[in-house]
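Q: The following comprises the amino acid sequence and a computationally predicted model.
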Amino acid sequence: MHLITGFLLASVLGKKKRGASRRLPNFPGVIETVHLLPGRVRFRTPHLAGKQREGQELKRRLIRIDGVKDVEVSSISGSICLRLADDRLKPELLMAAIIRLLGLERQIERAPRSWLGREIRDTGEALNRAVHERTGGMVDFYTAMPLLLVILGVRNIAARRALGWPLLWWAYRELFPPAWKEQ
């Protein structure tokens, strides 16, 4: 929660550059600013998509904030459009209120995952399933690789090659991970 508060306060209290348009923080996949105009701001969050009751509750709570003239919430697109009475109410604070009301703090604090990282993990999981199915459930990819390293390590040691011991060490580390790996 401290990360969100600090980020939003820095955004509110930060110096404005002359001629630069005002920007709000974005948290992709959690809540993003679609547009910001004088007296109007629109946010989008996938959290509201398909949740009409939550959208109506959010609207009911936001309209009670002094300085908010109108609130439109779309449970189809996850859009939240706020019309403001004047410039006294900072859009950054509205964003913080929406984050708090929807309980999105944990999602914002979570480190974002890259597209490439997700694809690599998904490929590893698919390979794991394929090996598991191919061996009839006897072994999966995550145990097959260390076993292969053991075999190659023993063969290299028998052939008096220096590469054998590191291969055995890597196999040991994968088969018996240290306590920090499981945390």
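A: That came through fine. Computed from a prediction, not measured in an experiment: that's the story for all the values here.
Q: in the longest helix along the chain, what's buried?
A: Counting residues, the longest helix in the chain under DSSP state H turns out to be helix 115-134. For helix 115-134, the neighbour count (16 or more other CB atoms under 10 Å) marks V131, H132 as buried. For glycine as for every other residue, the C-beta is placed from the backbone atoms N, C-alpha and C.
Q: cool, and stretch 27-36?
A: Neighbour-count burial for stretch 27-36, counted by 16+ other CB under 10 Å, picks out F27, V30, I31, E32, T33.
Q: circling back to that earlier point, could I get the CA-only coordinates of the longest helix of the chain as PDB?
A: Once non-C-alpha atoms are left out, helix 115-134 reads as follows in PDB (Å, rounded to 0.1, in the frame of the first residue of the first chain):
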ATOM      1  CA  TRP A 115       4.800 -10.900 -22.600                       C
ATOM      2  CA  LEU A 116       8.000 -12.800 -23.400                       C
ATOM      3  CA  GLY A 117       8.300 -14.100 -19.900                       C
ATOM      4  CA  ARG A 118       4.700 -15.400 -20.000                       C
ATOM      5  CA  GLU A 119       5.300 -17.100 -23.300                       C
ATOM      6  CA  ILE A 120       8.500 -18.800 -22.100                       C
ATOM      7  CA  ARG A 121       6.700 -20.100 -19.000                       C
ATOM      8  CA  ASP A 122       3.700 -21.300 -21.100                       C
ATOM      9  CA  THR A 123       6.100 -23.100 -23.500                       C
ATOM     10  CA  GLY A 124       7.800 -24.800 -20.500                       C
ATOM     11  CA  GLU A 125       4.400 -25.900 -19.100                       C
ATOM     12  CA  ALA A 126       3.400 -27.300 -22.500                       C
ATOM     13  CA  LEU A 127       6.700 -29.100 -22.800                       C
ATOM     14  CA  ASN A 128       6.200 -30.500 -19.300                       C
ATOM     15  CA  ARG A 129       2.700 -31.800 -20.200                       C
ATOM     16  CA  ALA A 130       4.000 -33.300 -23.400                       C
ATOM     17  CA  VAL A 131       6.800 -35.200 -21.700                       C
ATOM     18  CA  HIS A 132       4.400 -36.300 -18.900                       C
ATOM     19  CA  GLU A 133       1.900 -37.700 -21.400                       C
ATOM     20  CA  ARG A 134       4.600 -39.300 -23.600                       C
END
